[in-house]
Each structure stands twice: as structure tokens, then as C-alpha cells.
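S.K.: This is the structure alone, sequence omitted:
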């Protein structure tokens, strides 16, 4: 596969490490989250046949974490963002 | 031996002769020959035995679709079985042998199988060898393996080398026949960056095998001119001997280039290169493959595809027979007759199925002697050219699950929906079956793809070729033939087998393939799939499209496993990482061990030491008695800087880090988000905003990755920056009561007294008169100890300097084994204990999980199940009988309990012989272990045959109060 | 106080290797220092200013390094760059920090990497066996971090058929072997 890196252009997926569902960005605050919320965050993932937002790490590259929107049926990649931007946009900060 | 069947013409270099050996017989051919054409030129018809029935077989095709002519090429370790003689380029000294026979090729003892054919039909495998069960492994399988099958492996390591590579282009054109050349000319002239790949060693495809004209010149001449024009273009790369075998995601194609296979001596170069091609667009111009017709005994040596007969006659100047007949259902058969006549070869009959004439049967066990026609006569001949029509080579269009669609007008499948994104198909591969149509369509495709890719040049005019008649009338097999009619020559599948498969309910195409083996093995049914399908369709009373089609997976043609491995063999399987003191260690008797990619000294043997234990015991004892030095560079090191670095660490480690003072080191424990402990190490604070972390050797990469995740994805607005500096610093543990005295001689102007530089202190300093260094007072051994780091380039010198400074203390270098002994004696957890299941509680480190902050894993580590009072706890063990050595992996049982999992009390994780204590010591997980000090339990290891009593004790086998390390 | 008459001398990772393969050269550049500069959160402008005033350097683009006199800046991440310059004493970090002050966080990476300068007419062909990137289309100064023969690597286009290759210092020998073999496989 080729991942179009938003800063570096198309790069072979072999340079990346896969993590999984981009919902892993949405970590609850451990001091206030309920057990169930933390459990769901740590263990539950969607497994869609179709469009999936997922985290890839450019380990053999610029060490960016990316959010890649990929169709799991066709491997079509429709959108790639820096995970840091996604995290900020979803309200994460410090 | 003379080349009895060599005729005039062809693209071979008659000025040079190449000697080769076939089954030990010396023969000669010419540059430009394949092994198959050279064998034909030498009058050889019988080249192998069939897979199941051991029927004599001859050369059937002139390309990679060959089902019969599989040979063993080369000798000794380089011997390669199942090589298609039709694609092997002749070279001086080539040696090949036939395969799959016992005794000689001419008198194969296994040919008796043919007489048993009645019992060996489709599915015999599943029916015959059902019982008794024990017979399978002992009798059936060895016998089947010995009798059925293809060639033999040499049994030796592959002596050749292979390589990988990466290429980039705008447009990949797959196949350099007329269509591929026309497309490449158009795209190349337009200025696009083109790769044109073809598996043959000469480009031109069928143009070299036919007598067509293009632009008024003989086709082969036009092809040569096209190749010359393309060669001169900087933007075009021509790759011969290169099979594009697979289409992968996002325009990536796999290709195998046979770099030196055609040379007698590879001269140190790789035999083959596996290319990964990155393409914007791809154009498949792979042409079409001719198929056969089913009729009685249609598998005899001398029966060939008509197109192959033309290839041997026209391209190679080799006559497959002296008296030839043609059996055809299309115009190609007639063309064959014309070409043969033009070469002065006698054409005995043209049997045209469209006129209701058929070949019913053939005679000639080791070479065709005659054919019997449906119209009555028996005609003596030595070669029969058969054409059942052409099937477009749609293979690569299926690699993303595209399904070909049937076209009645050409009686073949053409690419359908679901092509790999970016792929276009042109020429015969796309059903443009005449030369004129193929040239036209491909030129148009090449030009428009180039233009779509932004190339602006002039594509020029499409070449013109003859628009010959392609009148395809489906005719699959001769129903009136009594003897067996072969469908798949390679797998010995007959028309009867296909019908039987239908009868027994295996009617889906995929079932047909698995039940009969139709279309399996090296040729993947290139010449047989459609015929099998047509017979199944007829048996089902359905049309071919209703019956279905097999689709294709990579690879298009077989690829050697060695090519996939590339250079990654033996020592080159992965990189080797060396510590800065590696050369010194080598000079000083070190024995090395692989830990991940690192080579580490595991002990330093001294003269007189008989086994590794002698060395390890001496090293461990010397550390406790005086001082030892160990290269610990392999520990992961991460430079952490930023205004929020402390806050960040406080969220990464389960224990508090916010208030770690400058100049101090703290031990830290990392949890996974699910609360399981996964790494530990020390982190030093050099300045307010600058920390240096160490991780375990094994987890250095993972920890870094996870911290980047936390930094970018969880807390994107913390000002913190990570840089891996593992390789940057040569780091040495200096441990033992004399470590301070030793280091005091090494460091410049630094007071190392306990008050000035206490336990867990750290500083940046210089050593040996000015070399920058970092000093940490940390201890993995429990002794007074330090770790000192210098820039890696000084590592070798530093090791020598430390040893020189330690001479007066009898300082010893120690390796990973002694390191392990010391840490087990002291009760420090390591990889054996951090096994991916253990919580901080299990480790006895529950107190290190601060509940006052939200660090990774804190929340889920508080789950009740991970905090049960009766859970496993890490404790120490010593044998009741001190003379016995403990065994890691032993399970604990209460004395008197049965040896089963229901009574399992835990297991021993690490053991070592303690020279300090004079007996074996262990660490392990024991249920409620921390409350069972002094108890006796059984350590039971059925694997190692040990069943002993051990006493539960503190993990700190030595100095439980920690006096030494703080002294 | 160090009371030994002993000073530490640096050992080049590959012994200062110079290899000639056909028309091509592989040279270990142990004369170069590498210091990374991490850009503090919100500190891009300050780093740009510091590079400008320190050396006249511009902040490098993600895929193209910038050069001023004998110092080169390579972008290694969205908030990180690395400076490469001739300097053989182990005080490169202090040298950089003195010029940029508080503008960025510096880390001496000289010892983290082995640096090879490769050149010669077979270089692009050798790189085809080694590097997954389209180096033939690199702009002058083009730079990237990637993987070669399972080893993390950096590649910088210097000029024509001349490149810098960087990889982890601990596996320097494996890396040199991979580069050498690539040349040997495509030369003569």
C-alpha cells in the first residue's frame, strides 16, 4: 500500500507501523472516567467493512502519527491527516 | 550430435555454437535458442513424464504456459527442478535432465501407473487412502510423494544470491508484444516515464513467431526497430527477462527479473531480482495464450500448440516435425500450414473442426507416429499442430478480485469489472485479437495514458498491421474419441475426470479445480482452464459464463522463494548491532549472544576456565568483591526535552515524576493502558527541561513509539520532544565496592563521596581530562554502582580506560550472564518477569502505581481482578537441598497436591547459581507469595524431569536492606 | 580528579572507510557533526530567526534540506530538524546552542548516526536496490528518512550522483555492507 503523507507525499506502507482505530485518540481522563468508559476505550473497537479511520505511525520516516481513512474492502485511501491536528480538532490539548 | 531438425531462418545467431547437455548427451544449439528450441533442433521429442500416469510427454508450447517440458536445470546445489525448457535461454555448458521418472526417461518404471488409470481418476486421493489411518503417514504418503510429483530438490543450500529493488514510473507496460511496443512508442514519444517489461529475452512477442507485417516490414524487423527507438529514449526503461507477476495495492506491481539465469557464470551478481514497481498507471498488454482441443491420446510427444509450431519454425529455425498435420477450429491452423510449407516442411493434413473433421486418436508411445481422423484415414506424421483458439491473458486483471467476462465472438474471457485501480488493458489481452486491432488500440491507450499523466509530446501515428481473420468457432473436444482426452497435461486431468467431477457434485469451478487438480501447479492451467470449464459447462447443460470462471491470484508465474527472501539469508537476515566495546570484548575472549539485533558479550573466558559457569561465577563474584565493568549501551535511551517534559513523564510512568529534582535519577514503571506492566528503567533529570530516559533493550522501539503516540495524539499541546539516542552514548555499568575508587580516577574534578554524589544522583561531567560524559549512580546489581556514558565514538577508548583505571582493583569485565546473576540475586525484575501478563501488584510494585494522577494504565490497573489478594506475587526461592540447581519454568505445587493445573501455585521465572551465596537462587510468581515467606513448596518440572522442594524467601537474596548500593 | 595519564581518542565507526567500487566511491564522513533542533511548541518563528541569524539558514522544507556555507539543515519531523556541519570535537551541541540560544532544544546526534557519502555513475542503480524512494526525481538537496535493508536511514541528495546516507551507528557495518553489496551487484 501507499500512504499519501500530508507533509511528505506518497510513501510505502512498509515505512509505517499500524496501530488501529483512530478512536484511540479519544482517551478519557483516568481521574474522572468511569470503569466502563476506560474499559471501552481500551478494549472496544469497531471493525467496519468499508471506511475506517485508523492510526498509522511513520516509524521509518518523520515519526508522525497519521489518521488514515481507508476502505477496508478496497484499501482505497481517501484522506490522511496528521493525528496531532485531529487530536487538537477534537478538543485535546494538554 | 548434429542439429538434425535445424532449418533456415529465425532469430538465432548461427555464427556461434553453444554446447549443452541433455540427460548426459552432448548437443549444440545457438545463441537465441531456448532449451526447448535447441532440443527440437536436435530432434528430441520426448522430454518428460507426466505427473500421475507417467505418460511420455514432449514440448507443447513455446512460452511460460508450458505444462510438459519441465526439466531439472544445472547440477549440484544449483540444480533447479520444474524449470520450463521453453523459457530457458540456452547458454554454453547448460546441463539439464528430465524429471519424474524411475529408470531412464525412455523406460520409466512408473509408467505402470498408466495401466492403473482406472483407479487413479479424479478424487482417487480422497477415496483410496482413507484407512487404516496409520497407513497414511507410513505408507501412502511416502509412496505418493515418490511416484507422483515433479522434480527433485538438490537437498543443499541454494548457492545463488538474489536481490530486491524498487523502481518508479508513470506508466508500466506489461508485455512487449506488438501491443506493448505500440503503446510504449506512443507513451515514450509523449514523454511519459515508462517501464516496458517482458518475460522473454527478446521483445516483440508473437511478432517474432509470426510472418505478419507491420508498417510494411516483417513484424520481427518492425519490433527490432521499435526496440531500438525505445532504447534511445531516456524516459523509457526496457526490462527483458522480467515477469510482472502480481498487482498489489495502490499501483504497486511485483516483477521478477532473471538477471543471470541465462549465463553460465553469474560472476557474483544475483541470479534474480525481485522488483517492487511503483506506478501511476499500468497498461496490461500481455497478449493471449493458445489452448488445445480434447481428443483421444492428445498428449503424445509431437503434439503441440499450433502457435508454438510457428514459433519454432519462424523464430528459432527448428522444425518440430518433418511431416506435420494441423488440427484447428480457427484460421490460425491454416496460417500454420502456410508457414510450414514456406519452410519446406511437408503438411500431411489440415483437419478443420469447423468443417466437421476431427482427430479421433493418435499412435506413438515415445513420439507421435500417426493420427486417425473422423473421416476414416490414418495419417502417418511426426508432429500435430493443434489450435483450439486463444485465451486473453487476463491474469493480472483478477488480482484485486476482478472477474473476467465471456465474449462469444472470440470464445474467450476478457477483463471485466474490478480491474486493479490504475490498470488499463489493451491488445489481445483485452480481446483485440487481430494484429491491426491490437496495434491500434494499444497505441491509442499508450497515448491517452501518457496524456492523462501530463506528458505533452507527440505520440506519433499508430503502426498499421494486417487485420487478419479471427474467426473463432468454439470447439472443445472430440466427443467421439474413445481413448482418454487430456485437458490439463500438467496434472493429468482428462475430459473424463471433469465429467466425473460433475457427476459427483463438484460442479462449481473452484470445486472442479480442487477435486481434479485442473489448473494447479506450475502452469496454473494457462492452456487448460478454459477447456475444462467448457466441458463442465456442457456436462451441466449451462453456458460457460453461467458455469463461472476461475480467477487468478499472484504470482502469474512461479517465483523462487529465494527471490522473495532477497539478501535476507543467514547472517544477513537482519542487521547486526554492535556495542561500542565490541572490538575490545572480542580481543578479550568474549563469547557473544544475540539479544534482538545486538551482539552482546555474555561472558569473558579466561584461560583455565572449563565451562561458561566458571567464567560467569568468577565475574559475578568479582563484582560483589571488588568491581566489574559491563557495557550496557544496548539499553534504550531517549532524550526528552521541553517545558512540559516533567508533566509528560508523570503521565507515562505509573509512579510520580513531577518533582524529580535536577541531578537525580528515578526508577520508573510503565504500564500499558490495560494496566499490565510492560517496561521499566531509570530516568535522569539533567536540567529543568531536559530528561534522559533508559528503557529495556527489548522495548526501546516500542516505548519510543508509544511516547510519540501520547505526545502527538493524547496531549498534543504539551511542549515535549523525543529523540532516540540509544546509539549515541556508550554506557558502562561500573559496579562493586571499589566502583567509587575506580571512577574517582576517571572523572575530572568531581567529588564522588556519598554526600556529594549519593545513590540516585546524576550529573554531566567530563572524564579522562575533558571528554564529555554523563554519570548516574544507579545499581542493577545491588552493589555500590554507577553507570557512566560517553559519546559512542569514545566507547572503545573508554572501555580500555576503565580497565586501565581498574587494574589496581582487579576490575573484571562482565557479560550479560553475570549481569543476570547479579540482578536475580538482588531481585530485580527483567524480561522473564515482565511477560505481558503481569501487573504491578504481581511484581510486588503495587505501591509504585500512584493513584493521585492519571498515568497511562493507572485506571485499569485498579480493576479488582488485577488486585486480588490471592493472586501471584513475585518472590524469591532457594532449594531446600542447597546442592540442587533450580529450574526456570518449574511450576509450584503445595506438597502433597496432585500435579495438575487445578493445584498450580505459580511458576519459576528466573534462576541462577549465586556464587555469593554458594547455591542456586530463583525468582518466581507464587499465589499469595508475599505472605508465604519461609514456606516450603514443590518446584515441579516434568519437562526437565525435576521435582524438588524449595523455600519461599524475599526476592532480595542479598542485601535486602539495600545498604550496599547506598553506601 | 582523573589521575591517569590517559586521554580518550575517538574511533571512527568504520575506521574512516573509503571504498572504491568500479567508478564509485563510498566514504565514511566522520568529520561531520549532527545536532538536532526540536522546535518548541509555538516556537517556529523563533527557530527560523535563530537559524537565519546564526548561519543564514532557512528552515528546511519537509523533503528538501537547506544549506548555507558548510552547514545543512534537514527536516526530520514536523517539529524537528537536524543540522549537519563539519566539526570533529564532541562539543557540537554547545556550538549550536550558543548560536540559537533558547530558541530550540538541541541534542547531539553525531554519535547516533553513521554517515556515508556515496558517489559515482552507478549510484542511482545501486540505490534502486536499496532505497524505496524515487531518488532519481529528488530535487537538489532533497532529503528523506526511510528504511534500507531493514535499517532506518536518511538520504540527502548533494548533487548529481552524490548522496549522503545516514543510518544507526550501532549497525554501521551492516549498513556499509548493504551499500557496498548494492554497488557490487550493479557495477561492471
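M.R.: That came in fine, so what should we check first? Computed from a predicted model, the values in this text were never measured in an experiment. Numbers count the residues shown, from 1 in each chain, chains lettered A, B, ... in the order given.
S.K.: Show me what from the stretch 101-250 of chain B comes close to chain A.
M.R.: With Cβ under 8 Å from any Cβ of the partner chain as the criterion, the stretch 101-250 of chain B meets chain A at residues B:248, B:249, B:250. The C-beta positions use only the backbone N, C-alpha and C, and glycine is treated the same way.
S.K.: let me fix that: the stretch 801-950 of chain B
M.R.: The stretch 801-950 of chain B has residues B:853, B:854, B:855, B:858, B:859, B:860, B:863 near chain A, with proximity defined as Cβ under 8 Å from any Cβ.
S.K.: Contact partners for the fifth one?
M.R.: Think residue B:859. Contacts for residue B:859 (Cβ atoms under 8 Å, 6 or more residues apart in numbering or on different chains) come out as A:30, A:33, A:35, A:38, B:675.
S.K.: Go ahead and build a PyMOL selection from the buried members of the residues of the stretch 801-950 of chain B next to chain A.
M.R.: To isolate the buried members of these in PyMOL, using 16 or more other Cβ atoms under 10 Å in any protein chain shown:
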select buried, chain B and resi 853+854+855+858+859+860
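S.K.: ok, back up a step: neighbour-wise, which of the residues of the stretch 101-250 of chain B next to chain A leads?
M.R.: residue B:250 (19 neighbours; other Cβ atoms under 10 Å in any protein chain shown).
S.K.: Grab the nearest non-local neighbour of that one.
M.R.: Distances taken as Cβ to Cβ, 6 or more residues apart in numbering or on different chains place residue A:2 nearest to residue B:250, at 3.9 Å, with adjacent residues excluded.
S.K.: How about residue C:12?
M.R.: Nearest to residue C:12 is residue C:30, by Cβ to Cβ, 6+ apart, at 4.1 Å.
S.K.: Residue B:338 too?
M.R.: Leaving aside its sequence neighbours, residue B:338 sits nearest to residue B:211 (Cβ to Cβ, 6+ apart; 8.0 Å).
S.K.: so the one you found, which of the three states?
M.R.: With DSSP: H, G, I helix; E, B strand; the rest coil as the basis, residue B:211 sits in coil.
S.K.: Assess the claim that it and residue B:339 are in contact.
M.R.: Yes: counting by Cβ atoms under 8 Å, residue B:339 is a contact partner of residue B:211 at 5.9 Å.
S.K.: hey, what's in contact with both of those two?
M.R.: residue B:314.
S.K.: More neighbours: which of these two?
M.R.: Using other Cβ under 10 Å, the more surrounded residue of residue B:211 and residue B:339 is residue B:339, with 21 against 16.
S.K.: Please, which helix or strand holds the more buried one?
M.R.: helix B:331-342 (DSSP states H and E).
S.K.: And for residue C:183?
M.R.: helix C:172-186.
S.K.: Let me see the residues that make contact with that helix.
M.R.: Here helix C:172-186 has contacts from B:163, B:268-270, B:567, B:572, B:575-578, C:13-14, C:17, C:19, C:21-22, C:24, C:26, C:28, C:114, C:116, C:118, C:120, C:122-123, C:125-130, C:148-149, C:151, C:153, C:165, C:167-168, using Cβ under 8 Å, 6+ apart.
S.K.: what distance separates that helix from the centre of its chain?
M.R.: Going by Cα atoms, centre = their mean, to the nearest Å, the spacing between the C-alpha centre of helix C:172-186 and its chain's C-alpha centre is 18 Å.
S.K.: same thing with stretch B:244-256?
M.R.: Remark: stretch B:244-256 is offset 15 Å from the chain centroid, using Cα atoms, centre = their mean.
S.K.: still on that earlier bit, could you report the neighbour count for the residue nearest to residue C:12?
M.R.: Applying other Cβ under 10 Å, I find that residue C:30 has 18 neighbouring residues.
S.K.: mind checking which helix or strand it is in?
M.R.: Applying DSSP H and E as the criterion places residue C:30 outside every helix and strand.
S.K.: Over to the one 4 residues further on?
M.R.: Residue C:34 is part of strand C:32-38, with elements assigned from DSSP H and E.
S.K.: Closest one of the residues of the stretch 801-950 of chain B next to chain A to residue B:175?
M.R.: residue B:860 (56.8 Å; Cβ to Cβ).
S.K.: In contact with the closest one, which residues are there?
M.R.: If a contact means Cβ under 8 Å, 6+ apart, then residue B:860 has A:38, A:39, A:42, B:673, B:674, B:675, B:866 as its contacts.
S.K.: Report the distance from the helix or strand where the second one lies to the chain centre.
M.R.: So the one you mean is residue A:39. Residue A:39 belongs to helix A:35-43 when elements are defined using DSSP H and E. Relative to its chain's centre, helix A:35-43 lies at 18 Å (Cα atoms, centre = their mean).
S.K.: So for that helix, what gets flagged as buried?
M.R.: Applying a neighbour-count criterion of 16+ other Cβ under 10 Å, one finds A:38, A:41, A:42 buried in helix A:35-43.
S.K.: The very next helix or strand once past it pairs with which strands?
M.R.: Sequence order places strand A:51-57 as the next helix or strand after helix A:35-43, per DSSP H and E. Sheet pairing for strand A:51-57, assigned by DSSP bridges, gives strand A:17-21 (antiparallel), strand A:65-71 (antiparallel).
S.K.: Now do the next helix-or-strand element following the last one against strand A:65-71: the angle between them, please.
M.R.: Sequence order places strand A:77-82 as the next helix or strand after strand A:65-71, per DSSP H and E. Between the axis of strand A:77-82 and that of strand A:65-71 there is an angle of 170 degrees, by axes from the mean of the first three to the mean of the last three Cα atoms, to 10 degrees.
S.K.: anything in strand A:77-82 sitting right up against chain C?
M.R.: Yes: against chain C, strand A:77-82 shows contacts by Cβ under 8 Å from any Cβ at residue A:82.
S.K.: Quick one: distance of whichever helix or strand comes after that strand to the chain centre.
M.R.: Following strand A:77-82 in sequence order, the next helix or strand is helix A:83-89 (DSSP H and E). With Cα atoms, centre = their mean as the basis, helix A:83-89 stands 10 Å off its chain's centre.
S.K.: Just the buried positions in helix A:83-89, please.
M.R.: Quick answer for helix A:83-89 (16+ other Cβ under 10 Å): A:83, A:84, A:86, A:87.
S.K.: Mind putting the contacts of residue B:860 into a markdown table with pLDDT and distance to chain C?
M.R.: Listed next are the contacts of residue B:860 as a markdown table, based on pLDDT from 0 to 100; distance: Cβ to the nearest Cβ, whole Å:
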| residue | pLDDT | distance to chain C |
| --- | --- | --- |
| A:38 | 96 | 28 |
| A:39 | 96 | 32 |
| A:42 | 96 | 28 |
| B:673 | 96 | 24 |
| B:674 | 95 | 29 |
| B:675 | 95 | 30 |
| B:866 | 90 | 36 |
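S.K.: Which single one of these is nearest to residue B:109?
M.R.: For the contacts of residue B:860, the nearest to residue B:109 is residue B:674 (63.9 Å; Cβ to Cβ).
S.K.: Doesn't that closest one lie inside a helix?
M.R.: No: counting by three-state DSSP, residue B:674 is not found in a helix; it is coil.
S.K.: quick one: contacts for the residue nearest to residue C:12?
M.R.: So residue C:30 contacts B:793, C:10, C:12, C:13, C:16, C:88, C:115 (Cβ under 8 Å, 6+ apart).
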